[in-house]
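Q: based on what follows, work out the 3D shape:
(2 chains)
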Amino acid sequence: MEVGEVYSSRQLDKDEGKQINELIARSQKPIPDPDEWLDEEIKRNILLTTVDAILDWGRRASLWPAVAFPACCAFEFIATEASRFDLSRFGMEFIRASPRQADLMITAGTLTWKMAPQIKRIYDQMAEPKWVIAMGACAISGGIFRSSYSVVPGYNRIIPVDVYVPGCPPRPEALIYGIRMLYQKIDKTSLFGEDK
Amino acid sequence: MLADYGYIGLLLIVAIFFAVTTLLLPFSLSLPARLALYFRRFTRYLENHYPFLVRFIPPLPKFPKFMQVVSYNPTPVKSSTFECGMETIGTAWVRFNFRYYFYALVFIALDILVVFLYPWAVHLRELGFFGLFAVLVFIGIVIIGYIYAWKKKVLEWK
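A: Okay, the predicted model is just below:
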């Protein structure tokens, strides 16, 4: 968009609709998330394994989630973050308002195509390495709104998802279980293997 | 030996160590990634402007992944301003109304007034009537300035 250009609301709608239609056309297939490498055993060397262990421990023990909560699963996430379930136990102290300080995106809620470019932009602005947990039925597949023309059928159409937590909404225990699963995935990543 | 410095010295050492580890370590660990990126940019520049030079540049050896403990991978989207996922329009260098400046000045005067009232309030009984009169004179001076600002229509937003 040009700076200083004055838009009529009609023109604005038209341009935005064009962009979103292009996004829909681009993201008809889910982004693959290969998980075979989780099962294979890497040839390990004591020194390298130690470095990996320290690094992965540091990474998984300080996952800071970014704010991306478009809908109602956010309340279960808030319950998870609050004092009863207390996500701070896992080093996830704050929900970061800026994606620059976050490395985990917990996508809680239904995503519409109109919101999709924003979510993708936030994901792109997160610092690497970054992970995504799809929380709830809508985040996995669109849930009960799947047949709607305006709902994204699963976040994996626009961003790569690491862990899926089913439920409508998932209870905080389920989300914590999903975070533990993500820990296992992070623990398997190695600096010395192939690019994942 | 460290004990000779006392607690302040220890605090200084911890502070310096903390600053060095949090600021310098990520930078130095991401250096290979940064250098590789700069080299790629330089090669692309040469390809665009002096294509005949490219054949003299040896290809960059592929950095092993373990040298990129801290990744450095800027993209135009990532480097742009974060505005809740929206595309930013215009620049942040806009002019603010100069009346904010007057508000700030008046605020600072009254703010400092409160700061000076605190020690007087703590030793209220010991200072007695002399302290009360001194504070009243001080408040009077500030109030005169405030009335002057009011008369000059600083508080009106037009």
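
Q: in chain B, what residue is nearest chain A?
A: Of chain B, the residue with the smallest distance to chain A, taken as CB to the nearest CB, is B:Gly85 at 3.2 Å. C-beta here means a position set from N, CA and C on the backbone, and glycine is covered the same way.

Q: all helices of chain A, in order?
A: Along chain A, the segments classed as helices by DSSP state H run A:9-26, A:46-60, A:73-81, A:116-125, A:137-141, A:172-188.

Q: so which bits of the shortest one are buried?
A: Meaning helix A:137-141. Neighbour counts over helix A:137-141 (16 or more other CB atoms under 10 Å in any protein chain shown) mark A:137-141 as buried.

Q: one step back: chain neighbours aside, what residue packs nearest to the residue of chain B closest to chain A?
A: Excluding the flanking residues, the one nearest B:Gly85 by CB to CB, 6 or more residues apart in numbering or on different chains is A:Gln118, at 3.2 Å.

Q: surely that neighbour meets B:Glu83?
A: No. At 9.7 Å, A:Gln118 does not count as touching B:Glu83 under the criterion of CB atoms under 8 Å.

Q: those two: which is more packed in?
A: Neighbours around A:Gln118 and B:Glu83, counted as other CB atoms under 10 Å in any protein chain shown, are more numerous at A:Gln118. The numbers are 17 against 12.

Q: mind checking how far the strand or helix carrying B:Pro32 is from the chain centre?
A: Counting by DSSP states H and E, the element that carries B:Pro32 is helix B:31-49. When C-alpha coordinates are averaged (CA atoms, centre = their mean, to the nearest Å), helix B:31-49 and its chain have centres 31 Å apart.

Q: would you mark the buried spots in the longest helix that chain B contains?
A: With DSSP H applied, the helix covering the greatest number of residues in chain B is identified as helix B:124-151. Of the residues in helix B:124-151, those scored as buried under the neighbour-count criterion (16+ other CB under 10 Å) are B:127, B:131, B:135, B:146, B:149.

Q: residues near B:Ala15, how many?
A: B:Ala15 is surrounded by 10 other residues when neighbours are defined as other CB under 10 Å.

Q: and what of A:Lys14?
A: 12.

Q: OK, contacts around A:Ala102?
A: Remark: with contacts taken as CB atoms under 8 Å, 6 or more residues apart in numbering or on different chains, A:Ala102 is in contact with A:64-66, A:96, A:126-127, A:130.

Q: again, only this time at 7 Å
A: Contact partners of A:Ala102, counting by CB atoms under 7 Å, 6 or more residues apart in numbering or on different chains, are A:64-66, A:96, A:126.

Q: any idea what sits nearest it, other than its immediate chain neighbours?
A: The shortest distance from A:Ala102 to any residue other than its chain neighbours is 3.5 Å, reached at A:Ala66 (CB to CB, 6+ apart).

Q: from A:Gln125, how far off is the one you found?
A: Counting by CB to CB, to the nearest Å, the gap between A:Ala66 and A:Gln125 amounts to 9 Å.

Q: identify the contacts common to the two.
A: Both A:Ala66 and A:Gln125 are contacted by A:Pro99, under the criterion CB under 7 Å, 6+ apart.

Q: from the buried residues of helix A:137-141, pick the one nearest A:Ile179.
A: Closest to A:Ile179 out of these is A:Ala139 (14.6 Å), distances taken as CB to CB.

Q: check what pLDDT the closest one gets.
A: In the predicted model, A:Ala139 carries a pLDDT score of 90.

Q: wait, isn't it in contact with A:Tyr155?
A: Yes. A contact is recorded between A:Ala139 and A:Tyr155 when judged using CB atoms under 7 Å, the distance being 5.1 Å.

Q: what's the overlap in contacts for those two?
A: Common neighbours of A:Ala139 and A:Tyr155 (criterion: CB under 7 Å, 6+ apart): A:Thr107.

Q: quickly note the distance from the residue of chain A found nearest chain B to A:Tyr149.
A: Using CB to the nearest CB, the point where chain A gets nearest to chain B is A:Gln118, with a distance of 3.2 Å. Computed as CB to CB, the A:Gln118 to A:Tyr149 distance reads 19 Å.

Q: give me the neighbour count for A:Ala127.
A: 15.

Q: wait, it sits on A:Ser98?
A: No. Counting by CB under 7 Å, A:Ala127 sits too far from A:Ser98 to count as a contact (10.0 Å).

Q: report the distance from the helix or strand bottoming out on mean pLDDT in chain B to the chain centre.
A: Counting by mean pLDDT, DSSP states H and E, the weakest-scoring helix or strand in chain B turns out to be helix B:25-29, with a mean of 79. The chain centroid and the centroid of helix B:25-29 are separated by 21 Å under CA atoms, centre = their mean.

Q: quick one: residues in contact with that helix.
A: Outside helix B:25-29, the residues within contact range by CB under 7 Å, 6+ apart are B:69-70.

Q: brilliant, that's me finished.
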